[in-house]
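>>> coords please:
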Amino acid sequence: GDGMGGIISTAQCLGDQLSKKSSETQRYQMVVVCGNNKDAKETLSSYEWGENISVNVQGFVNNMDEWMRASDVIVTKAGPGTIAEASICGLPCLLSSYLPGQEEGNVPYVEDNNFGTYCGDPNEIASTVVSWLNEPEMLSKMQASALKAARPSATIDIAKDLADILFESVINRR
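Next up, the predicted model:
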């Protein structure tokens, strides 16, 4: 909800590199979801984006799943919920930051499952995303890897396991 750190510089670097790679026949579209970070939304909304790139700057959204399904790539911090949802959508992930301890283990999970990488430098993030977008075969393999790593029924499986534990506990008390 608060947006990821470095969102302004990352979005600007990516937008600038996409604009340089674009042409009349190759246009790009970028959506930046800033969450509750009003300063980032304001700054990016007034930024002069280059030619042949359409940029849609959003604040907090309730339909992140729809934005993900409409995307080719996501740049995000290594939050487990976002990674899980991205993999279900077959979305390659460029992880730009993580919370030490809590999210750190998510980086090797994404990298080992071949659907993304970690990079904290805005220029390198932009270069990596541009290279992914310009290599359709590699992007397709990463999308397939994301889907393979996905666990869309994980929530239901956890609920079933908890129900089983609760049921056994009640039976054993009798």
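
>>> tell me the span between the first and last residue of stretch 104-115.
Distance between the boundary residues of stretch 104-115 (Cα to Cα, to the nearest Å) amounts to 16 Å.

>>> quick check: buried residues in it?
Burial within stretch 104-115, assessed by neighbour count using 16 or more other Cβ atoms under 10 Å, is assigned to Asn106, Val107, Tyr109, Val110, Asn113, Phe115. Just so you know, the C-beta spots here come from the backbone N, C-alpha and C atoms, and that holds for glycine as well.

>>> also stretch 160-172?
Buried, per 16+ other Cβ under 10 Å, within stretch 160-172: nothing.

>>> cool, and stretch 6-21?
With burial defined by 16+ other Cβ under 10 Å, the residues of stretch 6-21 counted as buried are 6-8, 10-19, 21.

>>> list just the nearest of these to Trp49.
For the buried residues of stretch 6-21, the residue nearest Trp49 by Cβ to Cβ is Gly15; the value is 5.2 Å.

>>> any idea how far that closest one lies from Lys141?
When Cβ to Cβ, to the nearest Å is the yardstick, Gly15 and Lys141 sit 26 Å from each other.

>>> do Ile88 as well
18 Å.

>>> can you tell me which one of the buried residues of stretch 6-21 sits lowest on pLDDT?
By predicted confidence, the buried residues of stretch 6-21 are weakest at Lys21, whose pLDDT stands at 86.

>>> that residue contacts Ser131, correct?
No: taking Cβ atoms under 8 Å as the contact criterion, Lys21 and Ser131 are not neighbours in contact, 9.8 Å apart.

>>> name the element Glu48 belongs to?
Of the helices and strands defined by DSSP states H and E, none includes Glu48.

>>> and it, what are its phi and psi?
Here the main-chain torsion angles of Glu48 (degrees, to the nearest 10) amount to phi -90, psi 100.

>>> need the per-residue pLDDT for it.
Turning to Glu48, the model gives it a pLDDT of 94.
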